[in-house]
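>>> mind folding the following:
(2 chains)
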Amino acid sequence: MVRFYLLISQKLVSPIKNRRVQMKRVIFLYFGLWVSQVVVLSDLFASEATTTTQVHAGMVRIDGGSYQPLYKENGKARNVTVEPFFLDQFQVTNREFLLFVEQYPKWRANQVSPIFADQGYLSHLDSRSVSKQDNQPVTYVSWYAAMAYCKAQGKSLPSTEQWEFAAQANDISPLGIKSAKFKRKILDWYAKPATDPLPDVHDTEVNYWGVYGMHGVVWEQVSDFNSALVTGESRGDSALDKQLFCGSGATQAADPGDYAAFMRYALRSSYAAEYTLATMGFRCVKDR
Amino acid sequence: MKFLRSLFILILVFSPVTLANQLPASSVYHFDSAWMNQNSQTREIVELRGEARLVAFIYTYCEHTCPLIISKIKDVLHSLPRDLATRMPVTLITLDPVRDTPDQMKAYLLKNSLNEKQWEILTDNKEDIRVLSNLFGVKYKAMSKDELAHSNVITLLDADGVILSQLRGLNEDKKSLIDKIISSF
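Predicted coordinates:
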């Protein structure tokens, strides 16, 4: 584009020899302007099209890619393809969740059905002043409530694969998890006592994708946590538990060094959808 | 005084009705959701209310354990008194809403000679199926294109959607489930 304009301007400033050449130049100039307009306009249209379909406020696009789940299948490490998706930059905050609860009274602490949340549900919000906690990640929320919140926003909870894929990134690489230093850092975060007050969601580490606080703030809900088939039901009601028993756990793992992934896996497999924990929050995704 | 007495009588007359309309706290029918059956008819979950029923999660192209779940349910039904055996509604929930279309579900019922008056298969979006599976304590995971690992659980719901009994695992003794069914009618 720029080169094209230079060419035109050079032609224009050079001395005009006769009328015919002058006419030629004017026609050439008009033609050039027309071409450049078409190019600029089509550029504009193209960028508009991409912005309307691909940007969601407060979310970032996670390019898809290949992800190796923690557990092998039939003794072989396997790769799962994760399609591109959009992930909330921040965890859902107390303030955001309270707005939802106001709109959907069946999710209020005093109205929620006991099959959807245990007694701890939102119990942190009546004991201390809410304003200080406004921007902290919401906790004491059951999986059912988190699912309902995301649904109300036209979103859903991330799948285990989506969450784990996005969580592999450190600040400089989508595959930061390959670095031993980053693994160590995550473990140090996990070792922090859970009694520390939670930070505001904006005051947390940001990763390669622009997602904040994936590690070291709270555990996060996934839509399919009950696909972790380590169960107490060892009498044959799950087809898979032989592979997933603790004893064979480390030998079956694709990366036995990824302790943090083990911890998340263990939490998910022992979790039930009505539990509310002081250290469990969530964020939502959109597939498109 | 007379007014108060008639008011009292009114309350006495109407309160059982309102009590009956309110779902018990632990009813799975609290989960507001609209499902679709093998005839593409919409089934609000509360429509399942009114009769005790057996519920199990399956997928129709399942080759390993699903046929076993179906035969276990048939086995349980055969052990019931004759009128109950042919009347007890059975609701199957698909775990694969992508492949199990209503047509596919209908074909499955036909293929396994499951009478539509008694047997029904329901589908919905994947999120709602996740929620329902959690309400029944069922775990599942897609293993490959053609296989889905899942808990084998047969659940008895009472007329209000409260879980009365569960057969967890196919080797479990069916007796306690059968006793519960008989005593719930």
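
>>> without its sequence neighbours, what residue ends up closest to A:Tyr121?
A:Thr276 (4.8 Å; Cβ to Cβ, 6 or more residues apart in numbering or on different chains). Where you see a C-beta, it was placed from the backbone N, CA and C, and this is true even at glycine.

>>> show the pLDDT at the one you found.
Looking at A:Thr276, its pLDDT reads 96.

>>> now do the contacts for it.
A:117-118, A:120-123, A:139-142 (Cβ atoms under 8 Å, 6 or more residues apart in numbering or on different chains).

>>> and it, what element?
For A:Thr276, there is no helix or strand it lies in under DSSP states H and E.

>>> how much space separates it from B:Gly137?
Separation of A:Thr276 from B:Gly137 (Cβ to Cβ, to the nearest Å) stands at 18 Å.

>>> stretch A:135-148 near chain B at all?
Yes. Judged by Cβ under 8 Å from any Cβ of the partner chain, stretch A:135-148 comes into contact with chain B through A:143-144, A:147.

>>> end-to-end on that stretch?
One end of stretch A:135-148 sits 20 Å from the other (Cα to Cα, to the nearest Å).

>>> may I have the secondary structure class of the most centrally placed residue in chain B?
Centrality entry for chain B: nearest residue to the mean C-alpha point is B:Val55, 3.1 Å, by Cα atoms, centre = their mean. The three-state label given to B:Val55 by DSSP: H, G, I helix; E, B strand; the rest coil is strand.

>>> hang on, isn't it packed against B:Thr91?
Yes. Using Cβ atoms under 8 Å, B:Val55 is in contact with B:Thr91, at 4.9 Å.

>>> quick one, helices of chain B?
B:2-21, B:66-78, B:82-87, B:102-111, B:126-135, B:175-184 (DSSP state H).

>>> which secondary element of chain B has the worst mean pLDDT?
Counting by mean pLDDT, DSSP states H and E, chain B has its least confident helix or strand at helix B:2-21, which shows a mean of 55.

>>> wait, what's in contact with B:Lys126?
B:97-98.

>>> repeat that for 10 Å
Contacts for B:Lys126 (Cβ atoms under 10 Å, 6 or more residues apart in numbering or on different chains) come out as A:156, A:159, A:223-224, B:95-98.

>>> just to revisit the earlier point, nearest to A:Asp203, of the residues of stretch A:135-148 next to chain B?
Ranked by distance to A:Asp203 (Cβ to Cβ), the residues of stretch A:135-148 next to chain B are led by A:Trp143 at 26.1 Å.

>>> phi first, then psi, for that closest one.
Main-chain torsions, A:Trp143, degrees, to the nearest 10: phi -60, psi -40.

>>> give me the pLDDT for it.
98.

>>> which residue is the nearest non-sequential neighbour of it?
The spatially closest residue to A:Trp143, leaving aside those adjacent along the chain, is A:Ala273, at 4.1 Å (Cβ to Cβ, 6+ apart).

>>> how close does the one you found sit to A:Gln89?
26 Å.

>>> what about those two, which has more around it?
Ranked by neighbour count (other Cβ atoms under 10 Å in any protein chain shown), A:Ala273 and A:Gln89 place A:Ala273 first, with 22 against 18.

>>> put the buried members of the contacts of A:Thr276 into a PyMOL selection.
Buried members of the contacts of A:Thr276, defined by 16 or more other Cβ atoms under 10 Å in any protein chain shown, are picked up in PyMOL with:
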select buried, chain A and resi 117+118+120+121+122+139+140+141+142
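
>>> chain B: which of the contacts of A:Thr276 is nearest?
Using Cβ to the nearest Cβ, A:Ser142 comes nearest to chain B of those, at 9.9 Å.

>>> pretty sure that closest one contacts A:Tyr275?
Yes. A:Ser142 is in contact with A:Tyr275 according to Cβ atoms under 10 Å; the separation is 6.3 Å.
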